[in-house]
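[1] Sequence first, then the predicted structure:
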Amino acid sequence: MPVRVPDARDLRLAVVDMDGTLLDPDGEVPATLWPLLGELRERGVLLVPASGRQYATLARTFAGALEGMPVIAENGTYVVRDGAELASVTLDRATVVEVVGALRALAATRDVGVVLCGKRSAYVERTDPAFLAEARRYYAELAEVDDLLAPQDDVLKIAVYDFGDAESGTAPALARFRPEQQVVVSGRHWVDVMAAAANKGAAVRRLQAALGIAPAQTAAFGDYLNDLEMLDAADLSFAMAGAHPRVRERARFTAPSNAEHGVVTMLARLVGVDVATLQAATR
């Protein structure tokens, strides 16, 4: 992939994945992002977090910077701006029942935990400390229930944490739900089941249409398989160094790794901001 900085004089939308992309290896937002946000706003560029994480978790991460910021949560199934829902794609009840049943059967032979992701909260029926520690990293609103099928909530997706390798383990076990549903590997240990029409790219295209922004005016940054469609929605598509091989093949450009704060570095270069200036602003 080319390493040059593309022409971004008309950049208006910057869509960024979180884990493995914007967040550093400790799961923290680089301090230099906050002054960069001010520079982006001055130039009329919207930053949009796009993550498999829950909206409540993303809202907590960007507290104080949410005004006017669209947020793509739950792998594209839930889009919110200024507290108002812009779009959502939910699973029907019959599908939820069938998938939960299949995952309960899988749990008898494989070490997996299931998160039912609703608009109001996420729900778990597995409550051992090892699984809860992983679920709580991504779900600020997390309720423990006796039965995953009991909550009365709109279900955005069903997320599965595989203590082994999700791509070779849980994903093949859920393949029978394709193509009627979307089954996507969103991390080394996570697999998400969503409605067939749901993905980050579809959410980005809805935002572009609503805001009058073209793919040529859009940059996107990602590292894993749930980012593929999002990269397709942006002419300025970046794979992070160390991204999944299919992501590197799909993106047009490359960015330094999340450990090197590659999103901030590339966005700063795209809009002509000196990274040293951003670093000075954090001291």
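    Great, that's in hand.
[2] quick one: low-confidence ranges for this structure?
    Where the chain drops to pLDDT under 70, the residues are 1-9.
[3] all strands of it, in order?
    Assigned strands in the chain, in chain order: 13-16, 46-49, 70-73, 78-81, 84-88, 112-118, 122-124, 142-144, 155-162, 181-185, 190-195, 218-222, 236-240, 253-255 (criterion: DSSP state E).
[4] I'd like those as JSON lines, with mean neighbour count appended.
    C-beta: built from backbone N, CA, C; applies to glycine. Conversion of the strands of the chain to JSON lines gives the following (neighbours: other Cβ atoms under 10 Å):
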{"stretch": "strand 13-16", "mean neighbour count": "25"}
{"stretch": "strand 46-49", "mean neighbour count": "22"}
{"stretch": "strand 70-73", "mean neighbour count": "26"}
{"stretch": "strand 78-81", "mean neighbour count": "22"}
{"stretch": "strand 84-88", "mean neighbour count": "14"}
{"stretch": "strand 112-118", "mean neighbour count": "24"}
{"stretch": "strand 122-124", "mean neighbour count": "23"}
{"stretch": "strand 142-144", "mean neighbour count": "14"}
{"stretch": "strand 155-162", "mean neighbour count": "26"}
{"stretch": "strand 181-185", "mean neighbour count": "23"}
{"stretch": "strand 190-195", "mean neighbour count": "26"}
{"stretch": "strand 218-222", "mean neighbour count": "28"}
{"stretch": "strand 236-240", "mean neighbour count": "28"}
{"stretch": "strand 253-255", "mean neighbour count": "22"}
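[5] could I get these as JSON lines with distance to residue 281?
    Formatted as JSON lines, the strands of the chain follow (distance: least, Cβ to Cβ, whole Å):
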{"stretch": "strand 13-16", "distance to residue 281": "19"}
{"stretch": "strand 46-49", "distance to residue 281": "16"}
{"stretch": "strand 70-73", "distance to residue 281": "24"}
{"stretch": "strand 78-81", "distance to residue 281": "26"}
{"stretch": "strand 84-88", "distance to residue 281": "31"}
{"stretch": "strand 112-118", "distance to residue 281": "36"}
{"stretch": "strand 122-124", "distance to residue 281": "35"}
{"stretch": "strand 142-144", "distance to residue 281": "35"}
{"stretch": "strand 155-162", "distance to residue 281": "36"}
{"stretch": "strand 181-185", "distance to residue 281": "37"}
{"stretch": "strand 190-195", "distance to residue 281": "34"}
{"stretch": "strand 218-222", "distance to residue 281": "21"}
{"stretch": "strand 236-240", "distance to residue 281": "23"}
{"stretch": "strand 253-255", "distance to residue 281": "21"}
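[6] of those, which approaches residue 230 most closely?
    Ranking the strands of the chain by their distance to residue 230 (criterion: Cβ to Cβ) puts strand 218-222 first, at 5.1 Å.
[7] what residues does that closest one touch?
    8, 11-17, 21-22, 50, 200, 204, 208, 227-228, 230-231, 233-240, 243, 247, 251, 255, 262-263, 266-267, 270 (Cβ atoms under 8 Å, 6 or more residues apart in numbering).
[8] Same question for stretch 84-92.
    By Cβ under 8 Å, 6+ apart, the list of residues contacting stretch 84-92 from outside reads 70, 76-80, 99, 119, 154-158, 181, 193-195, 197-198, 202-203, 206-207, 210.
[9] quick one: the helices in this protein?
    Assigned by DSSP state H, the helices in the chain fall at 33-42, 55-61, 93-106, 129-138, 170-173, 200-211, 228-232, 245-250, 262-271, 275-281.
[10] Would you mind telling me which of these is nearest residue 113?
    helix 129-138 (3.9 Å).
[11] what does the closest one contact?
    27, 52-54, 57, 113, 115, 122, 124, 126, 142, 159, 161, 163, 189.
[12] how much space between the residue positioned nearest the centre of the chain and residue 25?
    Residue closest to the average C-alpha location in the chain (Cα atoms, centre = their mean): residue 51, at 1.4 Å. For residue 51, the distance to residue 25 equals 16 Å [Cβ to Cβ, to the nearest Å].
[13] what residues are up against the closest residue to residue 246 other than its chain neighbours?
    Ranked by Cβ to Cβ, 6 or more residues apart in numbering and with sequence neighbours excluded, the top spatial neighbour of residue 246 is residue 225, at 6.3 Å. With contacts defined as Cβ under 8 Å, 6+ apart, residue 225 is in contact with 167, 184, 185, 186, 244, 246, 247.
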